[in-house]
Each structure stands twice: as C-alpha cells, then as structure tokens.
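Q: below is the sequence, then the predicted model.
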Amino acid sequence: MNEITIKDEFIKLGQALKLAGAVYSGVEAKEVILDGLVEVNGEVELRRGRKLFKGDTFTFEKESYKIV
C-alpha cells in the first residue's frame, strides 16, 4: 500500500489522487471519481471534495493508498 503524507488535518479526494500521481489533473480526477472508479475505505465514492483524514484509504486502478 502506498502512503500519502499530509501536513493538514485532511486532504480532498481529488487532491489526493493528484498528489499520489494516480491522475495528471483535477479534471481527470473529477472524471474518474464521477465514473465510480475510486473507492474510499472500501466503498465507491462519487464526491471529489470528500475529505480524507489520516488513516483513510482509497483505491484506484488496483492501487491502494493510505493517508498518513
């Protein structure tokens, strides 16, 4: 599992996808989220503004990421 380190209390899902290098732009992040291709904590998430806190995980294209 890949780890994404954040300095703030939370990070939004779209930003986390970009920070992880899973997508190249905010537009691409929005598209993959709205297409139902991203899971947060094991459930499909359709909101790119979903706040992720330390300990949360998300999965995209068979890669898993944990917020630390």
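A: Right, received. Where do you want to start?
Q: burial of residue 39, as a residue count?
A: One way to gauge burial is a neighbour count; for residue 39, by other Cβ atoms under 10 Å, it gives 14. For the C-beta atoms, the positions are set from N, CA and C on the backbone; glycine is no exception.
Q: so it touches residue 62, yeah?
A: No. Because the distance of 10.8 Å does not satisfy Cβ atoms under 8 Å, residue 39 is recorded as not touching residue 62.
Q: am I right that residue 16 sits in a helix?
A: Yes. With DSSP: H, G, I helix; E, B strand; the rest coil as the criterion, residue 16 is assigned to a helix.
Q: pull out the buried positions in stretch 4-20.
A: Across stretch 4-20, burial judged by 16 or more other Cβ atoms under 10 Å covers 4, 11-18, 20.
Q: cool, stretch 61-68 as well?
A: When neighbours are counted by 16+ other Cβ under 10 Å, the buried residues of stretch 61-68 are found to be 65, 67.
Q: gap between that stretch and the chain center?
A: Averaging C-alpha positions (Cα atoms, centre = their mean, to the nearest Å) puts stretch 61-68 8 Å from its chain's average.
Q: got it, and stretch 14-25?
A: When C-alpha coordinates are averaged (Cα atoms, centre = their mean), stretch 14-25 and its chain have centres 7 Å apart.
Q: tell me which residues in stretch 18-31 are buried?
A: Of the residues in stretch 18-31, those buried by neighbour count under the rule 16+ other Cβ under 10 Å are 18, 20, 22-23, 29-30.
Q: oops, could you answer that again for stretch 48-56 instead?
A: Buried-residue list, stretch 48-56, by 16+ other Cβ under 10 Å: 48, 50, 52, 56.
Q: tell me if residue 7 really is in a helix.
A: No. With three-state DSSP as the criterion, residue 7 is located in coil rather than a helix.
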